[in-house]
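Enquirer: Any chance you could fold what I've pasted below:
(2 chains)
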Protein chains: 2
Amino acid sequence: MKIAVDAMGGDNAPQVVVEGIEQARDEWSDLEFVLYGDQEQIKEYMKNDDRITIVHTTEQILGTDEPVRAIRSKKDASMVLAAKSVKDGENDALFSLGNTGALLAAGIFIVGRIKQVSRPALMPTLPATNSPLGVNMLDVGANAEAKASYLQQWAIMGSIYAHDVKKIDKPRIALLNNGTEYDKGDSLHKEAYQLLNNTESINFIGNVESNNILAGVADVIVTDGFTGNAALKATEGAARILLSELKDALLNNGIFTKMGAAIVAPSLKGMRQMFDTSQAGGAVLLGLKSPVVKAHGAADAKTIYYTVKQIRDMLQNDTINKANKYFEQMSEEK
Amino acid sequence: MKIAVDAMGGDNAPQVVVEGIEQARDEWSDLEFVLYGDQEQIKEYMKNDDRITIVHTTEQILGTDEPVRAIRSKKDASMVLAAKSVKDGENDALFSLGNTGALLAAGIFIVGRIKQVSRPALMPTLPATNSPLGVNMLDVGANAEAKASYLQQWAIMGSIYAHDVKKIDKPRIALLNNGTEYDKGDSLHKEAYQLLNNTESINFIGNVESNNILAGVADVIVTDGFTGNAALKATEGAARILLSELKDALLNNGIFTKMGAAIVAPSLKGMRQMFDTSQAGGAVLLGLKSPVVKAHGAADAKTIYYTVKQIRDMLQNDTINKANKYFEQMSEEK
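Expert: The predicted structure is shown next:
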C-alpha cells in the first residue's frame, strides 16, 4: 500500500507531516510513502528514508489560492503531483493537510470519481458525546447543489466506510432534516427520506435534527452539501466561541478565579478530549477512485499518524472499491 | 396598544405569564392586555386587574399537538382565540409561549399575512459576542422551501425591525452562505445575493458563513428556512452539549475540582450572561398584519417582560406597517 503525501500543505509543513508519517511508517510495515514537496526541507526533518521516497516539487498551493484555478495553473505543486501519481496508479491514496477546496478539485479533476457515483462528497468525523468513534457527516460542502439520488449514494458510501473503518456492524444512517417526522423537510429531503428508507443495504433510522448531531444518535448523518456546510460551521462556530468565552472567563477575572481555574484545569482537559476527534483521522472525499483524505491544516503529528491509519483501513478493506462495485451492480440491475 | 396574550402556553403557564405581564403592565401605562386562558388559574396568580382583561378559554394547544391540525380543531384554545382577536382588530399584537409550529399556523392562517409579503418568516435573536443586542436571523424555519425574492423581503423586514426595535441606524444585513465570496452558494443563494446587493433600502454587507453567526459580524442574517433551521439548531445543540460537558467536568470530578468550580462559578456566570438573549424578547413572525411573537416555553417572567417591551417597540414604531407600505410601494412601482 503506497500513500502519496502532499508534504507542503498545512500550517506546520513539512515538519509535522514528516514526523507524523515517520510515526506511521514505524508502526505499519506494510505501508510505503511518497512525499511530494521541497526535498531540502523534508530531508531536514526526516530521521530515515526507510519506505519513504521524496519527489521534489517546486510549487505549492496556498490556503488563499482559488481552488480550481490553483489546481490548473500550479502544475508542479506538491498537491497536484501527488494527485497525478494516484491517478496514474503509482500510489494508492492521496493525503494532504492543504487547501480543502483545492484538494476537492484535485480529487475530482485529477484522481477522478467512480463512474457510478454522481457526485463525490466530503465527510469529516465530528465528536459524539457517547462514542469515541464520533459521528460522520456527508456531504459537508463538496457540492452546493444536490439531488435526492446523490444523498442515497452518499448514505451507502458512508455506511460502507463506517463498517470498514469504524468497525460498526450495522451503521445507523440518519438524514439531517428540519424535523424528525418522516414527512418533514423541503421536497429534496422528503424525496431523500423515501429513497433512503427504501435502500435495503443500509440501516436507515430516519431524520435527525441538527441540535442532535453531536449527541451520537447516528453513526453517519447524510445531508446535502449546502445544509451540511451550514450545520458543520455553525457547530464549529458555537464551540469555538463558547470555549473562547470559557477561557476568557477563567483567565481574565482576577487572580482568585485564575487559582480556581488551575484547580479545574485537569477536569476541563477531559472535556476537551471529548471534542478531540483526531483519532478518527481526517475528512474523506468519498466517491473517488482512490482514498483522498484531508487532515486539518493545524493537525499535529499524532493526527497525521491516525489519518494514515484511517487510509490504511480503507485500503486494506478495499472500502472504495466496495462502493464502486455496489453501484456498478445497482446500475446493471436497472 | 392592546396585546392579546395566550396565557396557557409554555412550561410554567399561566403563573409565569401572569407575573411577566403584570411587571410589564406596571412599567408601561400605555399598554393593555387581554389574557386568554383558564380564568380560575389566571386569577390565582394575578395581583390586580388594572388594564388586564381575562377571556376564559377551555381548550389548550399542547407542545405535542400537530400544529395545523390543532389550530383547526381546537377552536376554543387560548392561542386560537387570542389570534382571532388580533385578526378581528380587538387587539394589536399576539404573544404566546406555546407550540411554535401552532403559533406559526395561527399567525399565517388566522392573523394573516401582509398582502405583498410572499411568505412570513420566523426571526429569533441569537447572542453575539460583541453586542448585547445580539444578532437577528430569519427565516429559521417558518418555510421549508424558499425563493430568492422571499429572502429579499425578509432582509427588508429584518432591516426595518433592527432599526425600529434595536435602534440601529443602518442595520448590517448579511446573507448566510457557504463562503464569503459573492459567487458562492447554490443557485438560490447566488440569486439572493444579487437581489440583496441591488436592494437600495438595506445596508447589505455580503455573505456570512455560519461559523460567524455568533461573532456579531452582522445585525441581521438572512437565510432560507431550511438552512436557517439547521444552522440555528446546530448552534443550540453545540452550545447545549458543551455547557453540559462543562458542568459535568466541574461537578463530577471529585471534591477538589468541585471546590475549584465554586471559585470560578461567578466568572462563569458572566459567560452565561453573554448567551442570555432574554432582553431581546422573543422570536418574531414577520410578514403578518400584526406583530406575532413567540417566547421560549421555558421563559421566565423577566423574559416575558422584555418580550412585551419588544412588542411595544414594534407597535409604537408601526414597524409592521412600514414593511407593509414599503412592499405596496414596490409593487406599485413595478
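Enquirer: is the closest residue in space to residue A:91 that isn't next to it in sequence in a bridge, and if so with what?
Expert: Closest residue in space to residue A:91, ignoring its immediate chain neighbours: residue A:4 at 3.8 Å, by CB to CB, 6 or more residues apart in numbering or on different chains. (C-beta placed from N, C-alpha, C; glycine too.) For residue A:4, the beta-bridge assignment (DSSP bridges) gives partners residue A:34, residue A:94.
Enquirer: can you pull the contacts of residue A:243?
Expert: residue B:242 (CB atoms under 8 Å, 6 or more residues apart in numbering or on different chains).
Enquirer: How about the contacts made by the closest residue to residue A:131 other than its chain neighbours?
Expert: Distances taken as CB to CB, 6+ apart put residue A:216 closest to residue A:131, at 5.1 Å, once the chain neighbours are dropped. Contact analysis of residue A:216 by CB under 8 Å, 6+ apart lists A:128-131, A:135.
Enquirer: For residue A:238, see how far away residue A:216 is.
Expert: To residue A:238, residue A:216 is 17 Å away according to CB to CB, to the nearest Å.
Enquirer: Tell me where the longest helix sits in chain A.
Expert: Criterion DSSP state H: the longest helix present in chain A is helix A:225-251.
Enquirer: ok, and what's touching the helix or strand following that one?
Expert: Next helix or strand after helix A:225-251 toward the C-terminus (DSSP states H and E): helix A:254-274. Here helix A:254-274 makes contact (CB under 8 Å, 6+ apart) with A:127, A:129, A:246, A:249-251, B:245-246, B:248-250, B:253, B:256-257, B:259-264, B:266-267.
Enquirer: tell me the secondary structure for the residue nearest to residue A:55 when sequence neighbours are not counted?
Expert: Leaving aside its chain neighbours, residue A:55 sits nearest to residue A:36 (5.0 Å; criterion: CB to CB, 6+ apart). At residue A:36 the chain is in strand, as set by DSSP: H, G, I helix; E, B strand; the rest coil.
Enquirer: Also residue A:175?
Expert: strand.
Enquirer: wait, doesn't it sit right on residue A:206?
Expert: Yes - taking contacts as CB atoms under 8 Å, residue A:175 lies within contact range of residue A:206: 7.1 Å.
Enquirer: what is in contact with the two at once?
Expert: Taking CB under 8 Å, 6+ apart as the contact rule, residue A:175 and residue A:206 both touch residue A:193.
Enquirer: Who has more neighbours out of the two?
Expert: A count of neighbours by other CB atoms under 10 Å in any protein chain shown puts residue A:175 above the other of residue A:175 and residue A:206, at 26 against 18.
Enquirer: Now do stretch A:166-178: distance to the chain's middle.
Expert: Relative to the centre of its chain, stretch A:166-178 is centred 16 Å away, using CA atoms, centre = their mean, to the nearest Å.
Enquirer: Of all the residues in the stretch 1-150 of chain A, which one is nearest chain B?
Expert: Nearest to chain B in the stretch 1-150 of chain A, going by CB to the nearest CB, is residue A:144, at a distance of 4.3 Å.
Enquirer: Just give the closest residue to that residue, not the sequence neighbours.
Expert: For residue A:144, ignoring the flanking residues on the chain, the nearest one in space by CB to CB, 6+ apart is residue B:186 at 4.3 Å.
Enquirer: Tell me how many other residues crowd the one you found.
Expert: Counted with other CB under 10 Å, the neighbours of residue B:186 add up to 19.
Enquirer: can you check the one 3 residues further on too?
Expert: Neighbour count of residue B:189, defined by other CB under 10 Å: 26.
Enquirer: would you say it is within a helix?
Expert: Yes - per three-state DSSP, residue B:189 lies within a helix segment.
Enquirer: which residues does it contact?
Expert: Residue B:189 neighbours (CB under 8 Å, 6+ apart): A:144, A:226, B:148, B:175, B:177-178, B:224.
Enquirer: which parts of stretch A:51-60 are buried?
Expert: A:51-52, A:54-55, A:57, A:59-60 (16 or more other CB atoms under 10 Å in any protein chain shown).
Enquirer: rewinding a little: can you read off the backbone torsions of the residue nearest to residue A:144?
Expert: phi -80, psi -180 (degrees, to the nearest 10).
Enquirer: residue contacts, the residue lying closest to residue A:221 once chain neighbours are set aside?
Expert: Nearest residue to residue A:221 in three dimensions, chain neighbours excluded: residue A:137, at 4.4 Å (CB to CB, 6+ apart). Residues near residue A:137 by CB under 8 Å, 6+ apart: A:123-124, A:126, A:176, A:213, A:220-223, A:228, A:231-232.
Enquirer: Name the member of these with the shortest distance to chain B.
Expert: Looking across these and measuring by CB to the nearest CB, the closest to chain B is residue A:231, at 4.3 Å.
Enquirer: Would you mind confirming that the closest one makes contact with residue A:210?
Expert: Yes - counting by CB under 8 Å, residue A:210 is a contact partner of residue A:231 at 4.4 Å.
Enquirer: Would you double-check that residue A:151 falls in a helix?
Expert: Yes - under three-state DSSP, residue A:151 falls within a helix.
Enquirer: Burial check on the residue lying closest to it once chain neighbours are set aside, number of neighbours?
Expert: With sequence-adjacent residues excluded and distances taken as CB to CB, 6+ apart, residue A:151 is closest to residue A:192, at 4.3 Å. Other residues within reach of residue A:192, judged by other CB under 10 Å, total 28.
Enquirer: same thing with residue A:197?
Expert: By other CB under 10 Å, 12 other residues sit near residue A:197.
Enquirer: Now do it against residue A:327, distance only.
Expert: Using CB to CB, residue A:197 is found at 19 Å from residue A:327.
Enquirer: if we can go back for a sec, most neighbours among the contacts of residue B:189, which one is it?
Expert: If you count neighbours using other CB under 10 Å, the busiest of those is residue B:224, which has 32 neighbours.
Enquirer: surely that residue meets residue B:139?
Expert: Yes - if you go by CB under 8 Å, residue B:224 and residue B:139 touch, sitting 6.7 Å apart.
Enquirer: joint contacts of the two?
Expert: By CB under 8 Å, 6+ apart, the residues touching both residue B:224 and residue B:139 are B:146, B:150.
Enquirer: Surely residue A:199 is in a helix?
Expert: No - read with three-state DSSP, residue A:199 is coil and lies in no helix.
Enquirer: so what's it up against?
Expert: Residue A:199 touches A:152, A:155-156, counting by CB under 8 Å, 6+ apart.
Enquirer: Go through those residues and say which is closest to residue B:118.
Expert: Distance to residue B:118, by CB to CB, is smallest for residue A:152 among the contacts of residue A:199, at 31.7 Å.
Enquirer: The closest one: what's it in contact with?
Expert: A:192, A:195-196, A:199.
Enquirer: if I pick residue A:55, what's in contact with it?
Expert: If you count contacts by CB under 8 Å, 6+ apart, residue A:55 has them with A:34-36, A:81-82, A:85.
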